[in-house]
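Peer 1: my questions concern the predicted model and sequence given below.
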Amino acid sequence: MHPDEIYDVVVVGAGPAGTTAAMYAAQSGASVLLVDRKRDIGVPLQCGGFMPHADTLQELVPNAHLPHTLLDYPKSCVHATSTYQRFIAPDGYSKGFEVAADSLDRRRFDRHLASRAAEEGAELMVGTNVTDVNGNTIEVDGVWTINNQGQSPDRCRRSKFYCCKSPRYETGT
Ligand SMILES: Cc1cc2nc3c(=O)[nH]c(=O)nc-3n(C[C@H](O)[C@H](O)[C@H](O)COP(=O)(O)OP(=O)(O)OC[C@H]3O[C@@H](n4cnc5c(N)ncnc54)[C@H](O)[C@@H]3O)c2cc1C
């Protein structure tokens with residue numbers, strides 16, 4: 001990969017939204033660059049991982065076409081499955097309700113989604129901060145890596161990397 005390469009789609013942020021968007025874009029034939037400033041996808045953990053099961057999710061947003069990434073994920077991403085949840089506020093107020101849900105390991109889930117995007121052909125750069133978006137050009141800063149199809153971000157991160165200061169990427173029109 002060269003610093004002046006052009007992509008159909010550049011996705012900033014490899015959280016669930018970004019990785020899912022990158023996966024679908026790559027699946028439909030676009031050349032995709034997925035960038036995240038985190039060196040380790042999903043770290044630090046900033047989520048409780050509460051994920052209602054598919055039918056409940058669909059009930060909450062009846063008109064939404066849910067991405068299959070929310071409905072179908074490996075068992076290895078699931079800490080526990082429960083039928084009852086209780087939320088406790090910092091002031092001690094709590095509310096419980098019955099709901100079939102998984103408690104996800106967000107670190108594994110996010111990595112799984114990033115791997116799915118890479119399997120579809122998206123290129124992933126980690127440890128790469130997007131510092132500016134100007135028209136069709138984004139500016140990035142940091143150590144970035146190449147990650148290609150079917151390999152986990154970690155393995156690829158170690159396989160090859162470049163140190164760059166503010167290379168520029170252009171998106172296609
Ligand atoms: C404490 C806490 C608990 C939560 N618990 C739950 C829960 O139990 N269940 C639930 O459904 N949701 C929960 N959430 C919400 C859930 O985490 C978010 O809704 C979800 O992560 C949003 O996904 P996202 O892909 O939109 O953004 P994020 O997951 O925030 O991903 C955005 C990514 O963009 C990257 N990024 C940002 N700026 C740049 C930049 N300039 N350059 C490069 N990369 C950049 C970040 O590093 C990050 O990886 C919780 C949130 C918090 C904070």
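Peer 2: It's in.

Peer 1: grab the nearest non-local neighbour of the residue of the chain found nearest the ligand.
Peer 2: Ranked by Cβ to the nearest ligand atom, the top residue of the chain for proximity to the ligand is residue 15, at 2.2 Å. For glycine as for every other residue, the C-beta is placed from the backbone atoms N, C-alpha and C. In this structure, residue 15 finds its nearest non-sequential neighbour in residue 110, 6.5 Å apart by Cβ to Cβ, 6 or more residues apart in numbering.

Peer 1: shaky segments in this protein?
Peer 2: Scanning the chain for pLDDT under 70 picks out the ranges 1-5, 142-173.

Peer 1: tell me which residues of the helix or strand hosting residue 107 are tucked away?
Peer 2: Mapping residue 107 onto the secondary structure by DSSP states H and E places it in helix 106-119. Going by neighbour count (16 or more other Cβ atoms under 10 Å), the buried part of helix 106-119 is 106-118.

Peer 1: next structured bit after it?
Peer 2: Per DSSP H and E, the first helix or strand lying C-terminal to helix 106-119 is strand 123-125.

Peer 1: who are the packing partners of that next one?
Peer 2: strand 32-35, helix 106-119, strand 137-145 (3 or more Cβ pairs under 8 Å, 6 or more residues apart in numbering; DSSP states H and E).

Peer 1: tell me which strands the helix or strand that comes right after the first one pairs with, and in which orientation.
Peer 2: If I follow you right, that is strand 32-35. Next in sequence after strand 32-35, counting helices and strands by DSSP H and E, comes strand 50-52. Sheet partners assigned to strand 50-52 using DSSP bridges are listed as strand 94-104 (antiparallel).

Peer 1: how about the CA coordinates for the strand it pairs with, as CSV?
Peer 2: These are the backbone C-alpha positions of strand 94-104, laid out as CSV (Å, rounded to 0.1, in the frame of the first residue of the first chain):
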residue,chain,number,x,y,z
SER,A,94,-32.3,0.3,40.0
LYS,A,95,-34.7,-1.1,37.5
GLY,A,96,-34.9,-4.7,36.5
PHE,A,97,-36.8,-6.3,33.6
GLU,A,98,-37.1,-9.5,31.7
VAL,A,99,-35.2,-9.7,28.4
ALA,A,100,-33.4,-12.4,26.6
ALA,A,101,-29.9,-11.0,26.0
ASP,A,102,-26.3,-11.8,25.6
SER,A,103,-23.5,-10.1,27.6
LEU,A,104,-20.8,-9.6,24.9
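
Peer 1: got the angle for that strand vs helix 106-119?
Peer 2: Orientation check (axes from the mean of the first three to the mean of the last three Cα atoms, to 10 degrees): strand 94-104 against helix 106-119 gives 40 degrees.
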